[in-house]
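Asker: Fold the following for me, if possible:
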Amino acid sequence: MKLRGKPLASCASSSPLPPNKRFSLKVALWLLDSPRLGDKPSVKHLAGRMLKQPARQGVVVAQSRLGQMLCRDCGNARDRRIGHDLLRQAARAGDLSAQQEYARLCQAQEE
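Answerer: So this is what the prediction gives:
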């Protein structure tokens with residue numbers, strides 16, 4: 001999954017999401033949390049595409065979930081690095097699950 005456009009660090013101070021983007025964020029989170037759908041690669045790909053724009057705009061929950069997906073499910077180093085950056089941003093913003101995942105990743109890198 002490729003993220004193009006603005007660097008992630010410059011997106012932290014954006015305006016709130018418009019209603020149609022909030023809808024896509026909610027749908028993406030619903031897809032990932034759905035027991036039957038959440039494990040399918042095609043659903044993860046779709047949800048990742050839907051989370052990309054909110055994550056760029058600094059929505060913490062989108063950064064956290066997309067970062068977790070990229071770190072866990074992607075095989076290439078570029079996507080894992082982007083996922084790591086997204087998790088770091090979400091962790092700094094106070095997202096508890098991002099803090100836990102980021103700590104786990106940092107601990108695994110040290111070993």
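
Asker: which residues sit in contact with the residue nearest to the spatial centre of the chain?
Answerer: Among the residues of the chain, Leu66 comes closest to the average C-alpha position under CA atoms, centre = their mean, at 1.7 Å. Listed by CB atoms under 8 Å, 6 or more residues apart in numbering, the contact set of Leu66 reads Gly48, Leu51, Lys52, Ala55, Gly83, Leu86. (Glycine included, C-beta is placed from N, CA and C.)

Asker: Now list the buried members of these.
Answerer: Neighbour counting by 16 or more other CB atoms under 10 Å classes Gly48, Leu51, Lys52, Ala55, Gly83, Leu86 among these as buried.

Asker: Mind putting those into TSV with secondary structure and pLDDT?
Answerer: Formatted as TSV, the buried ones among the contacts of Leu66 follow (DSSP: H, G, I helix; E, B strand; the rest coil; pLDDT from 0 to 100):
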residue	secondary structure	pLDDT
Gly48	helix	90
Leu51	helix	93
Lys52	helix	92
Ala55	helix	92
Gly83	helix	91
Leu86	helix	94
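
Asker: Just name the closest of those to Asp39, please.
Answerer: When those are compared for distance to Asp39 (CB to CB), Gly48 wins out at 13.8 Å.
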